[in-house]
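*Asks:* When you get a sec, could you give me coordinates for this:
(one chain, ligands or ions: 1)
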Amino acid sequence: MPSNDSSPASALAELRNVTFGYGERVILRDLSLKIPRGKVTALMGASGGGKTTVLRLIGGQYRAQQGEVLFDHKDVGRMDAAGLYAARRRMGMLFQFGALFTDLNVFENVAFPLREHTDLSDALVRDIVLMKLHAVGLRGARDLMPSQISGGMARRVALARAIVLDPELVMYDEPFAGLDPISLGTAAQLIRQLNDAMGLTTILVSHDLEATFALADHVIILGPGVVAAQGTPDEVRASTDPLVHQFVNALPTGPVPFHYPGPTVASDFGPLDGRSA
Ligand SMILES: Nc1ncnc2c1ncn2[C@@H]1O[C@H](COP(=O)(O)OP(=O)(O)OP(=O)(O)O)[C@@H](O)[C@H]1O
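*Replies:* Numbers count the residues shown, from 1 in each chain. Sure, this is the predicted structure:
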């Protein structure tokens with residue numbers, strides 16, 4: 001049953017006044033948000049708003065230019081290589097499209113993080129991999145190659161791989177992209193079940209409003225670089241913020257601009273120097 005508890009003590013990850021840009025272009029401006037422990041938090045918002053960037057900051061792939069990115073109360077941006085490696089060991093990630101290694105079979109794809117990060121015996125690796133594959137309904141598909149399974153199955157293999165190290169935090173970046181409705185429903189149910197059965201904390205970046213609102217305990221809508229709304233799915237749905245209204249009602253017009261920022265129309269289409277209009 002979804003519940004909502006975002007008291008400070010229960011945050012597993014947190015951004016405090018984070019400013020981050022790629023080069024000159026500022027993507028996140030003084031952004032603060034909390035990822036409550038044990039919950040499924042959906043991070044949503046218009047394309048390019050910085051959702052994947054937030055995951056990359058929590059995962060330590062990038063460092064904030066200002067502010068703190070905390071994982072279990074420690075600043076990821078200040079960790080040395082060993083600290084970061086240890087923190088990442090506690091995180092599972094499924095990045096966009098959850099690509100599998102095409103030259104490894106299903107079993108070896110899921111076993112990969114175990115072989116990289118542990119020196120467990122082959123017998124133990126086999127038991128853990130089969131347990132995770134069982135959890136996603138694919139124990140019987142262990143010997144198949146990625147080319148022999150459907151897109152929905154591949155996503156479930158990627159889910160099994162994301163949780164194979166028994167992470168505390170699992171981050172899914174668009175796990176539903178490109179799935180048919182049945183596979184999408186299965187993936188959504190699995191994300192919920194894995195979160196609850198394994199006592200995980202989940203961050204889910206998704207554009208699928210219906211599936212995500214049905215699944216999440218806590219929803220954060222990012223506007224351009226800031227939190228536009230957060231709360232339970234019902235609270236966010238009821239928000240009167242114009243950007244949130246546009247987003248949850250999938251309206252083509254509103255504060256989210258159609259055009260990527262650039263030169264004015266007049267300067268792009270106006271007369272060229274030396275050319276007659
Ligand atoms: N490595 C990079 N170098 C330069 N700019 C980048 C890089 N990665 C992302 N960006 C830019 O940063 C902005 C935010 O990107 P990000 O992927 O975090 O957004 P998003 O909200 O996840 O978008 P989407 O929903 O489309 O995946 C985008 O405008 C993107 O073009």
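
*Asks:* Now do the longest helix belonging to the chain: distance to the chain's middle.
*Replies:* If you go by DSSP state H, the chain has its longest helix at helix 181-197. On the basis of CA atoms, centre = their mean, to the nearest Å, helix 181-197 sits 15 Å off its chain's mean C-alpha point.

*Asks:* Could you pull out the buried residues of it?
*Replies:* Residues of helix 181-197 classed as buried by neighbour count (16 or more other CB atoms under 10 Å): 183-184, 186-188, 190-192, 194-195. Where C-beta positions appear, they are placed from N, C-alpha and C, glycine not excepted.

*Asks:* How about stretch 32-47?
*Replies:* Quick answer for stretch 32-47 (16+ other CB under 10 Å): 33-46.

*Asks:* among these, which are in strands?
*Replies:* 33-36, 40-45 (DSSP state E).

*Asks:* Identify the farthest-apart pair in these.
*Replies:* 36 and 45 (18.4 Å; CB to CB).

*Asks:* Phi, psi for residue 169 please.
*Replies:* Phi and psi for residue 169, reported as degrees, to the nearest 10, are phi -120, psi 130.

*Asks:* can you check residue 115 too?
*Replies:* Torsion angles, degrees, to the nearest 10, at residue 115: phi -70, psi -30.

*Asks:* Next, the angle from the longest helix of the chain to strand 40-45.
*Replies:* 130 degrees (axes from the mean of the first three to the mean of the last three CA atoms, to 10 degrees).

*Asks:* what packs against helix 181-197?
*Replies:* strand 40-45, helix 122-135, helix 151-162, strand 169-173, strand 201-205, helix 209-215 (3 or more CB pairs under 8 Å, 6 or more residues apart in numbering; DSSP states H and E).

*Asks:* Stretch 95-115 and the ligand, are they touching?
*Replies:* No: residues of stretch 95-115 are not located near the ligand by CB under 6 Å from any ligand atom, the shortest gap being 7.1 Å.

*Asks:* buried ones in that stretch?
*Replies:* Neighbour count says stretch 95-115 has 95, 98, 100, 105-114 buried, by 16+ other CB under 10 Å.

*Asks:* How about residues contacting it?
*Replies:* The contact list for stretch 95-115 (CB atoms under 8 Å, 6 or more residues apart in numbering) reads 52, 120, 125, 128-129, 132-133, 138, 141-147, 149, 154-155, 157-162, 164-165, 173-175, 177-178.

*Asks:* if I pick residue 90, what's in contact with it?
*Replies:* By CB under 8 Å, 6+ apart, the neighbours of residue 90 are 71-72, 167-169.

*Asks:* And the buried ones among those residues, selectable in ChimeraX?
*Replies:* The ChimeraX command for the buried members of the contacts of residue 90 (criterion: 16+ other CB under 10 Å) is given here:
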select :71,167,168,169
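
*Asks:* Any chance of the backbone angles for residue 64?
*Replies:* According to degrees, to the nearest 10, residue 64 has phi -70, psi 140.

*Asks:* shouldn't it be in contact with residue 14?
*Replies:* No: Residue 64 is beyond contact range of residue 14, at 11.9 Å (criterion: CB atoms under 8 Å).
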